[in-house]
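Peer 1: kindly return the folded structure for what I paste below:
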Amino acid sequence: MHFGMPIGQLLRCALEARQQTGRSLLGQLIDIARLRLHGHGVLADVYYDLRLFDPKLGWDRKAEFVGSWIKPRFYSVQEPETARLFADKLRALTFFRAHDIPTPEILAATNPAFDVPGVKALRSPAALASWLRDEAPYPFFSKPSVSYRGYGNKLAKALDREADEIVFGDDVRVPVEQFAAQHGLESAPTLVFQNVLRPHPAIAALIGPRLATARFVVLNDSDTPEVFRVGLRLPAGNSMVDNFRGGASGNMLARLDPDTGEVRDVLAGIGLNWHPIEAHPDTGTPFAGFQLPDWSDALRLVLRASKHAPGLKIHNWDVAFTDRGPMIIEDNPFGDFILAQVAAERGLATPRFLKLYPSGRI
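Peer 2: Numbering: from 1, shown residues only. Here you go, the predicted model:
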């Protein structure tokens with residue numbers, strides 16, 4: 001039977017889990033085998049990432065958790081054409097504009113597949129280099145038009161004109177000509193360039209002058225969309241994005257009260273590296289009692305946006321809390337499962353969620 005990780009690694013994880021919780025090695029192996037046969041895609045990697053070895057969890061709760069091995073089945077309820085719309089930031093921008101949904105504007109794009117009013121098309125390395133030197137409003141964000149989990153996202157902090165280098169948010173420097181040669185070719189993936197948004201003052205006081213985004217999982221199978229899961233990602237250090245990635249990014253995940261937006265607790269690591277944290281490491285500001293600003297507005301925003309996109313039964317909206325109010329950064333039609341389950345301390349495959357599927361089962 002395939003367990004999702006090498007036997008040696010599984011044994012090391014099992015020994016550490018036993019040390020942390022007292023759960024026996026045999027009990028863990030029985031859990032993993034049983035979950036593997038249950039069919040929700042939970043193998044050993046997810047079992048340990050989600051701490052399903054915790055003796056306090058009964059089988060009914062464990063059986064609700066979902067792993068990435070069933071991603072195609074999990075998202076089989078998504079209408080492909082709508083999913084393609086949100087998978088591309090330029091296409092998504094046309095949707096947001098059409099429905100008056102606040103989102104960061106795209107200033108320019110390299111070799112876009114189609115023209116978008118107000119978005120400057122940069123169709124050669126020379127055009128990109130010229131824009132970077134003469135028109136780009138530093139600081140700005142550079143992102144692949146099609147990307148997931150923040151990969152490839154960069155904050156261009158400044159242009160060192162004397163050295164002719166772009167200075168990025170992590171202080172890495174790249175010559176303008178090098179960046180243009182790499183990204184300006186027609187064969188290269190399209191990049192989009194956006195203005196940097198400013199955080200709401202309450203957010204800035206907590207984490208410094210940068211954005212934090214909340215992930216809203218919305219179920220959209222009726223005339224009344226429903227917020228099903230929420231979690232807040234908090235950047236730290238030199239991170240140019242706030243993606244959590246289980247704590248490997250150095251960022252944190254806040255678990256929230258979905259009704260009020262109040263922070264319940266904050267994690268800097270999950271699974272066997274479970275690590276609660278009480279204050280932001282850069283500002284020293286405590287998390288206890290913090291309530292996200294404009295929470296009601298954010299709830300209304302994701303519900304309204306969901307109603308305009310009925311082709312997706314599961315929305316994964318990322319919302320930034322800015323000094324101009326909540327803004328949708330993107331929708332992830334095939335978003336990661338782990339964050340939503342860690343944030344709620346419960347699996348996704350609840351009786352309510354399973355109503356999305358005609359068979360009542362993923």
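Peer 1: quick check: which element contains residue 86?
Peer 2: Here residue 86 sits within helix 80-87, counting by DSSP states H and E.
Peer 1: other residues contacting that helix?
Peer 2: With Cβ atoms under 8 Å, 6 or more residues apart in numbering as the test, helix 80-87 has contacts from 75, 91-92, 95, 146, 309, 311-312, 330-334. Heads up, the C-betas are built off the backbone N, CA and C, glycines and all.
Peer 1: buried stuff in the helix or strand following it?
Peer 2: Counting by DSSP H and E, the next helix or strand C-terminal to helix 80-87 is helix 89-98. Within helix 89-98, the residues that count as buried by 16 or more other Cβ atoms under 10 Å are 89-93, 95-96.
Peer 1: just these now: which is nearest residue 210?
Peer 2: Checking the buried residues of helix 89-98 against residue 210 with Cβ to Cβ, the nearest one is residue 89 at 19.9 Å.
Peer 1: my read: residue 174 touches residue 164, true?
Peer 2: No - contact between residue 174 and residue 164 fails when scored by Cβ atoms under 8 Å: they sit 10.3 Å apart.
Peer 1: relative to residue 107, how far out is residue 160?
Peer 2: 21 Å (Cβ to Cβ, to the nearest Å).
Peer 1: more neighbours: which of the two?
Peer 2: When residue 160 and residue 107 are compared on other Cβ atoms under 10 Å, the one with more neighbours turns out to be residue 107, at 18 against 13.
Peer 1: so, low pLDDT: which residues of the stretch 101-250 of the chain?
Peer 2: Scanning the stretch 101-250 of the chain for pLDDT under 70 picks out 148-151, 239-243, 245-249.
Peer 1: how about the strands in it?
Peer 2: Along the stretch 101-250 of the chain, the stretches classed as strands by DSSP state E, counting those that start in this stretch are 106-110, 120-122, 140-144, 154-160, 165-168, 173-175, 191-195, 213-219, 226-234.
Peer 1: just the C-alpha atoms of the third one, please, in PDB.
Peer 2: Right, strand 140-144. Taking Å, rounded to 0.1, in the frame of the first residue of the first chain, the C-alpha atoms of strand 140-144 are listed here in PDB:
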ATOM      1  CA  PHE A 140       5.400  47.900  -7.600                       C
ATOM      2  CA  PHE A 141       4.500  44.200  -7.700                       C
ATOM      3  CA  SER A 142       5.600  41.800 -10.400                       C
ATOM      4  CA  LYS A 143       3.600  38.600 -10.800                       C
ATOM      5  CA  PRO A 144       3.100  35.800 -13.300                       C
END
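Peer 1: that one pairs with which strands, and in what direction?
Peer 2: Under the criterion DSSP bridges, strand 140-144 sits next to strand 154-160 (antiparallel), strand 191-195 (antiparallel) in its sheet.
Peer 1: what's next to the first one, contact-wise?
Peer 2: The list of residues contacting strand 154-160 from outside it, by Cβ under 8 Å, 6+ apart, reads 132-133, 136, 138-143, 165-169, 171, 173, 176, 196, 240.
Peer 1: hang on, the earlier thing: if you count neighbours, what's buried in the helix holding residue 86?
Peer 2: The neighbour-count check on helix 80-87 (16+ other Cβ under 10 Å) flags 82-83, 85-87 as buried.
Peer 1: ditto for stretch 177-189
Peer 2: By neighbour count on 16+ other Cβ under 10 Å, the buried set for stretch 177-189 is 177, 179-180, 183-184.
Peer 1: span of that stretch from start to end?
Peer 2: Length of stretch 177-189, first residue to last, Cα to Cα, to the nearest Å: 17 Å.
Peer 1: give me the contact list for that stretch.
Peer 2: For stretch 177-189, contacts defined as Cβ under 8 Å, 6+ apart pick out 110-111, 122-129, 132, 144-146, 164, 166, 191.
Peer 1: going through those, which ones are buried?
Peer 2: With neighbours counted using 16+ other Cβ under 10 Å, the contacts of stretch 177-189 contain these buried positions: 110-111, 122, 125, 127-129, 132, 144-145, 166, 191.
Peer 1: any chance of the residues you listed in CSV, with distance to residue 302 too?
Peer 2: Putting the buried ones among the contacts of stretch 177-189 into CSV (distance: Cβ to Cβ, whole Å) gives the following:
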residue, distance to residue 302
110, 30
111, 32
122, 32
125, 39
127, 36
128, 34
129, 39
132, 34
144, 24
145, 22
166, 34
191, 27
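Peer 1: circling back: narrow the contacts of stretch 177-189 to those in helices?
Peer 2: Applying DSSP state H to those, the entries found in helices are 125-129, 132.
Peer 1: related to what we said a few turns ago, show me what the mean pLDDT comes to for the helix holding residue 86.
Peer 2: Over the span of helix 80-87, the pLDDT mean works out to 95.
Peer 1: buried set for the helix or strand where residue 30 lies?
Peer 2: Per DSSP H and E: residue 30 is located in helix 25-38. Of all the residues in helix 25-38, those buried under the rule 16+ other Cβ under 10 Å are 28, 31-32, 35-36.
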